[in-house]
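Undergrad: sequence and predicted structure, then a few things I'm wondering about:
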Amino acid sequence: MNKHSNIPICSKASPEEIISDLKPLVVFQDDGLSLKNLEKLIEKHLIPHLMRYDQPGFQSMFNGFPEEGAEFGAKIALSFNQGVTNWQVSPGGVVLEEMCCKALCQLFGFSPDSDATFMYSGTYGNQEALYLALHKKAEKEGFNLA
């Protein structure tokens, strides 16, 4: 537990205790569980052993505290298709990606008529194209990014 809360950051159980506690989650069966029963199993057997982001004692090299807008972002992601594979999938997502790529071109100092929409894909194709263009520009200006 930490000084600021009496909620433990995680269970502090041993690996053996965690294995024992998680066993009900891997007892697969022909008939599925109801969502309500699955939620109960996860709350009882898994959640206590996961690290809580919302406690001041949480530390990780790779995962910091979620920033203030994380919950809002998660709600958007769960409620709306923000995919950018094509116009029909998400008009707003496609247009926003195109506008962001163009703005990044300007930010990176590319020519005023440059554009970075390599393809609508949702596979980071546009970010990769921007990276390659930025790499080439940096080399021309004397930077070695290798």
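TA: All right, it came through fine.

Undergrad: domain assignment for this protein?
TA: The record assigns the chain these domain ranges, following automatic domain parsing: 15-65, 91-140.

Undergrad: ranking these by burial, who's on top?
TA: Across the domains of the chain, the average number of neighbours (mean count of other Cβ atoms under 10 Å) peaks for domain 91-140, which reaches a mean of 14. C-beta here means a position set from N, CA and C on the backbone, and glycine is covered the same way.

Undergrad: quick one: mean pLDDT for it?
TA: For domain 91-140, the mean per-residue pLDDT is 78.

Undergrad: start and end of that domain, how far apart?
TA: By Cα to Cα, to the nearest Å, the extent of domain 91-140 from end to end equals 36 Å.

Undergrad: next one: stretch 112-129
TA: 17 Å.

Undergrad: ok, back up a step: closest to residue 74 out of the domains of the chain?
TA: domain 15-65 (11.7 Å; Cβ to Cβ).

Undergrad: and the closest one, how far out from the chain middle?
TA: 19 Å (Cα atoms, centre = their mean, to the nearest Å).

Undergrad: what about the most centrally placed residue in the chain, which SS state?
TA: Centroid check for the chain by Cα atoms, centre = their mean gives residue 74 as the closest residue, at 9.0 Å. What DSSP: H, G, I helix; E, B strand; the rest coil gives for residue 74 is helix.

Undergrad: just the strands in this structure please.
TA: In the chain, no strands are defined using DSSP state E.

Undergrad: could you report the separation of the closest residue in space to residue 80 that isn't next to it in sequence from residue 104?
TA: Spatially, and ignoring its direct neighbours in sequence, residue 80 is nearest to residue 90 (7.8 Å; Cβ to Cβ, 6 or more residues apart in numbering). Distance of residue 90 to residue 104, given as Cβ to Cβ, to the nearest Å: 20 Å.

Undergrad: OK, contacts around residue 10?
TA: 48, 49, 50, 51, 52 (Cβ atoms under 8 Å, 6 or more residues apart in numbering).
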